[in-house]
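The following comprises the amino acid sequence and a computationally predicted model.
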Amino acid sequence: MVLYTFRLMITGRQVRAARALAGWTQPDLATAAGISVIAVKNIERGISDPRQSTIAAIERAFRDKGVVFLDIDDGGEGVQLRE
């Protein structure tokens, strides 16, 4: 059994930056993560309090595309492509 640890929150700015790295539109992310486009828009605007399962789905979709999220402990909040 593989266990994944997801951070409790990623920022809307990180989601927008990750979409840019992945070359995705909001509908592309919504499809890849299995969530609604409205949910993506609200997360990016910072006007929603998404469930942990929604954040996990977003992170999984980006991880499959080679994008990883960084936090303060990784040298600053951001995103990067895996090498």
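Okay, I see it.

quick check: mean pLDDT across stretch 50-58?
The average of the pLDDT scores along stretch 50-58 is 93.

Extract the C-alpha trace of that stretch and format it as PDB.
Extracted in PDB, the C-alpha atoms of stretch 50-58 (Å, rounded to 0.1, in the frame of the first residue of the first chain):
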ATOM      1  CA  PRO A  50     -11.500  23.500  -0.800                       C
ATOM      2  CA  ARG A  51     -11.700  20.100   0.700                       C
ATOM      3  CA  GLN A  52      -8.500  18.300   1.300                       C
ATOM      4  CA  SER A  53      -9.600  15.700  -1.300                       C
ATOM      5  CA  THR A  54      -9.900  18.500  -3.900                       C
ATOM      6  CA  ILE A  55      -6.400  19.700  -3.200                       C
ATOM      7  CA  ALA A  56      -5.100  16.200  -3.300                       C
ATOM      8  CA  ALA A  57      -6.800  15.700  -6.700                       C
ATOM      9  CA  ILE A  58      -5.200  18.900  -8.000                       C
END
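
Identify each buried residue in it, please.
Going by neighbour count (16 or more other CB atoms under 10 Å), the buried part of stretch 50-58 is 50, 54, 55, 56, 57, 58. Using the backbone N, CA and C atoms, a C-beta is placed for each residue, glycine as well.

out of the residues you listed, who's nearest residue 71?
Distance to residue 71, by CB to CB, is smallest for residue 55 among the buried residues of stretch 50-58, at 12.8 Å.

shouldn't the closest one be in contact with residue 12?
No: contact criterion CB atoms under 8 Å: residue 55 and residue 12 do not qualify, at 11.5 Å.

still on that earlier bit, JSON lines please, covering the buried residues of stretch 50-58 and showing secondary structure and distance to residue 68.
What follows is the buried residues of stretch 50-58, written out as JSON lines (DSSP: H, G, I helix; E, B strand; the rest coil; distance: CB to CB, whole Å):
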{"residue": "50", "secondary structure": "coil", "distance to residue 68": "19"}
{"residue": "54", "secondary structure": "helix", "distance to residue 68": "18"}
{"residue": "55", "secondary structure": "helix", "distance to residue 68": "14"}
{"residue": "56", "secondary structure": "helix", "distance to residue 68": "14"}
{"residue": "57", "secondary structure": "helix", "distance to residue 68": "15"}
{"residue": "58", "secondary structure": "helix", "distance to residue 68": "12"}
